[in-house]
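Visitor: sequence first, predicted model second:
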Amino acid sequence: MRQALGGNRGTLLMGVVAAGLMFAGAGLQGAAAQDAVSIGTTESAGNTYLVDGNGMPLYTFDFDTRMSGDTAAVSKCSGPCAAIWVPLVGAAQAGDGVDAGMIGSFDREDGGTQVLYNGWPLYVGQPQSGSGQNPRAGWYLIQPNGERLRITG
């Protein structure tokens, strides 16, 4: 009769499982510590728009579905897209100049609770130009009044 977890292999396997559980627990604790996200405002070139707690601009995506009435929010940015335009996830808190009544959230299909502003899913992007926007691809900054900022020129 053969032992399923015998000798050193069993000890090694148990150690790997224990280490994996420790890392998983540490990851969950780290995620919990990052659950609260703040939303503030900044001004540049006469335009005021939303930023995260680190001062990074927040964006909306034209191809997303905006939450409104009976229409649920849907993010169309996942996988490689979400690696560049990172979904803002967690429980959002309104900073100065931000309307707390416009903040909401929804559950993403790929996991996590993404923050909404005026019904639009929010993303922290990697600026590609002076304004940080990429209108041809559908990415826009969002203003404190909930409207998307369309900078021309």
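Guide: Nice, thanks for sending it over. Just so we're clear, the structure is a prediction, and the values are computed from it rather than from any experiment.

Visitor: how about the strand or helix carrying residue 39: buried residues?
Guide: Element membership of residue 39 [criterion: DSSP states H and E] is strand 36-44. Within strand 36-44, the residues that count as buried by 16 or more other CB atoms under 10 Å are 37, 39, 40. The way it works is simple: take the backbone N, C-alpha and C, and place the C-beta from them, glycine included.

Visitor: and the second one, what does it touch?
Guide: Residues in contact with residue 39, defined by CB atoms under 8 Å, 6 or more residues apart in numbering, are 50-53, 58, 92-95, 98, 103, 115, 117, 122.

Visitor: again, only using 6 Å
Guide: By CB atoms under 6 Å, 6 or more residues apart in numbering, residue 39 lies in contact with 50, 92, 94, 95, 98.

Visitor: picking that back up, send me the strand holding residue 39 as CSV with only the CA atoms.
Guide: What follows is strand 36-44, C-alpha atoms only, in CSV (Å, rounded to 0.1, in the frame of the first residue of the first chain):
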residue,chain,number,x,y,z
ALA,A,36,-10.6,53.0,1.0
VAL,A,37,-9.8,55.3,-1.9
SER,A,38,-10.1,59.0,-1.9
ILE,A,39,-11.3,61.2,-4.8
GLY,A,40,-10.2,64.8,-5.0
THR,A,41,-9.8,67.5,-7.6
THR,A,42,-6.9,69.3,-9.3
GLU,A,43,-6.7,72.1,-11.8
SER,A,44,-4.5,72.3,-14.9
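
Visitor: tell me the strands beside that strand, with direction?
Guide: strand 47-52 (antiparallel), strand 91-94 (parallel) (DSSP bridges).

Visitor: so what touches the shortest one?
Guide: Identification of contacts with strand 91-94 by CB under 6 Å, 6+ apart yields 35, 36, 37, 38, 39, 100, 103, 115.

Visitor: beta partners for the second one?
Guide: According to DSSP bridges, the partner residues bridging residue 36 are residue 91.
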